[in-house]
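Novice: structure of the sequence below:
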Amino acid sequence: MLLETQDLAYTYPAGKQEILHEINIRFRPGEIAAITGDNGCGKTTLTKLLVGILRPGTGRICLGGNDIAAMSLAEIGRQIAYVFQNPAQQIFCTSVEQEIGYGLKNLGLGRNEIEQRISHYLDYFELSEYRQTFPLSLSQGEKQRLMLAAVLAMHPRYVILDEPTTGLDIYRRKLLGDYLLRIKKDGYGVIFVSHQVKFIKAYADRVIRIEDGRLSDGRGDCG
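Specialist: Here you go, the predicted model:
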């Protein structure tokens, strides 16, 4: 299912200058796309638009040909998941198990299905030993894996990560990259914002650079 922007533009309510201008990008399942550029160029703004946290000033964002403007934030979130730069901001349950299961209960799934998904993603992200652990006591990398487990358990089409290498050492950056490759292999679309050139070169299939609110090459379907 294609995720695309069509002549997307955005200006913050209190601002006069467009943060993003005529952004046309296509994202696909089964690929890893990196969004990069200088501070303040509009990278994080773009990702917030993609998940419906912000709404376009002009232009459209379509998922499978359907404008997400007609979808609620919850409906978008089931299709396009988002992991914050600081994953602790998304954690509010008292155990790792509950954190993964919370969204599943809101989907109205049966108890057996919920338990199967929790167990699967605990194993997938090597978190099984932390099932009953208080999430905020986990390391930065473990918190990030927990949030990936929680959003993937919902079976979205795409996963977006904002500056996912922040606070990770070399080993944990590689561990994260290996997980992103696995997620890609399982058919999800992965989009991440980063300044880490080595990480981008190692794991991204496609690099989208934004300069002063515009795509640096004028298009987002390259590579």
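Novice: which residues touch the least confident helix or strand in the chain by mean pLDDT?
Specialist: Of all helical and strand segments in the chain, the minimum by mean pLDDT, DSSP states H and E falls on strand 214-215, at a mean of 90. With contact meaning Cβ atoms under 8 Å, 6 or more residues apart in numbering, strand 214-215 is reached by 20-25, 208-209. Any C-beta I mention is one placed from the backbone N, CA and C, and that applies to glycine too.
Novice: now, among the residues you listed, which is nearest to residue 45?
Specialist: residue 20 (6.1 Å; Cβ to Cβ).
Novice: give me the neighbour count for the closest one.
Specialist: Residue 20 has 26 neighbours, counted by other Cβ atoms under 10 Å.
Novice: can you give me phi and psi for it?
Specialist: phi -130, psi 140 (degrees, to the nearest 10).
Novice: cool, residue 165 as well?
Specialist: The phi/psi pair for residue 165 (degrees, to the nearest 10) is phi -90, psi 0.
Novice: distance between the least confident helix or strand of the chain and the chain's centre?
Specialist: 20 Å (Cα atoms, centre = their mean, to the nearest Å).
Novice: that strand pairs with which strands, and in what direction?
Specialist: Partners of strand 214-215 in the sheet, by DSSP bridges, are strand 206-211 (antiparallel).
Novice: now the strand it pairs with - C-alpha only, CSV.
Specialist: Written as CSV, here are the backbone C-alpha positions of strand 206-211 (Å, rounded to 0.1, in the frame of the first residue of the first chain):
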residue,chain,number,x,y,z
ARG,A,206,16.6,5.5,-0.2
VAL,A,207,17.7,8.9,1.1
ILE,A,208,15.3,11.9,1.0
ARG,A,209,17.1,15.2,1.8
ILE,A,210,15.2,18.3,2.7
GLU,A,211,16.7,21.7,2.3
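Novice: and the contacts of that strand?
Specialist: Under Cβ under 8 Å, 6+ apart, the answer for strand 206-211 is 20, 23, 25, 31-38, 41-43, 46, 200, 215-217, 220, 222-223.
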